[in-house]
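[1] have a look at this prediction, sequence included:
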Amino acid sequence: MHRGTGEKTMIELEPIGVIHSPFTSRGSAPRQGRSCSEPMKIEIYPQFVPGLGTMEGISHIWVLYWMDRAERDILFAKRPDWDEPRPVFTIRSPARPNPIALSIGRIEEIEKGIITVTGLEALDGSPVLDIKPYVVEIDCIFDSLNPFEKK
């Protein structure tokens, strides 16, 4: 909510669950989850389990989670293969003012409030903020530009 120039609004988030991952420290997870075949378990807290329904017909989900071990006080980041740092809002670095991750997980299994997925790059214990179904017709923009494409 915007309240005017220079005024901040406090935002309160309640995690809906936690990610159980084989990756335990910064640098141990893959740079992008899409190439990760390691299964991870998303434990949905009991009060939110009814929100899962059956998830019938859903093969992939967007997982929004908090990168709780990321740096929050930098606005430029650099990968080893880049010549210069880039502004954080133009890249996918975990280091950013609000380290919210957005990853697509492939559902492998759902059982008793635990969603087993592949395709995430989360660290063990990362708080889950939300999950949403991935819908090709809405989420895939075929003519989008690639900011990382070499020119």
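    Here it is on my side, so go on.
[2] can you give me the helices for this protein?
    Under the criterion DSSP state H, the chain contains helices at 136-139.
[3] show me where it has its strands.
    Counting by DSSP state E, the chain has strands at residues 17-20, 40-44, 60-66, 76-77, 86-87, 100-111, 114-118, 127-133.
[4] out of those, nearest to residue 6?
    Judged by C-beta to C-beta, the one of those that comes nearest to residue 6 is strand 86-87, at 21.3 Å. All C-beta spots, glycine's among them, are computed from the backbone N, C-alpha and C.
[5] I'd like to know which elements that closest one is packed against.
    Based on contacts counted as 3 or more C-beta pairs under 8 Å, 6 or more residues apart in numbering; DSSP states H and E, the elements that strand 86-87 packs against are strand 76-77.
[6] hmm, back to that, in JSON lines, list the strands of the chain along with mean neighbour count, distance to residue 94 and mean pLDDT.
    Shown next, in JSON lines, are the strands of the chain (neighbours: other C-beta atoms under 10 Å; distance: least, C-beta to C-beta, whole Å; pLDDT from 0 to 100):
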{"stretch": "strand 17-20", "mean neighbour count": "21", "distance to residue 94": "14", "mean pLDDT": "98"}
{"stretch": "strand 40-44", "mean neighbour count": "21", "distance to residue 94": "16", "mean pLDDT": "97"}
{"stretch": "strand 60-66", "mean neighbour count": "20", "distance to residue 94": "10", "mean pLDDT": "96"}
{"stretch": "strand 76-77", "mean neighbour count": "16", "distance to residue 94": "9", "mean pLDDT": "92"}
{"stretch": "strand 86-87", "mean neighbour count": "14", "distance to residue 94": "14", "mean pLDDT": "92"}
{"stretch": "strand 100-111", "mean neighbour count": "16", "distance to residue 94": "7", "mean pLDDT": "94"}
{"stretch": "strand 114-118", "mean neighbour count": "19", "distance to residue 94": "19", "mean pLDDT": "96"}
{"stretch": "strand 127-133", "mean neighbour count": "18", "distance to residue 94": "14", "mean pLDDT": "98"}
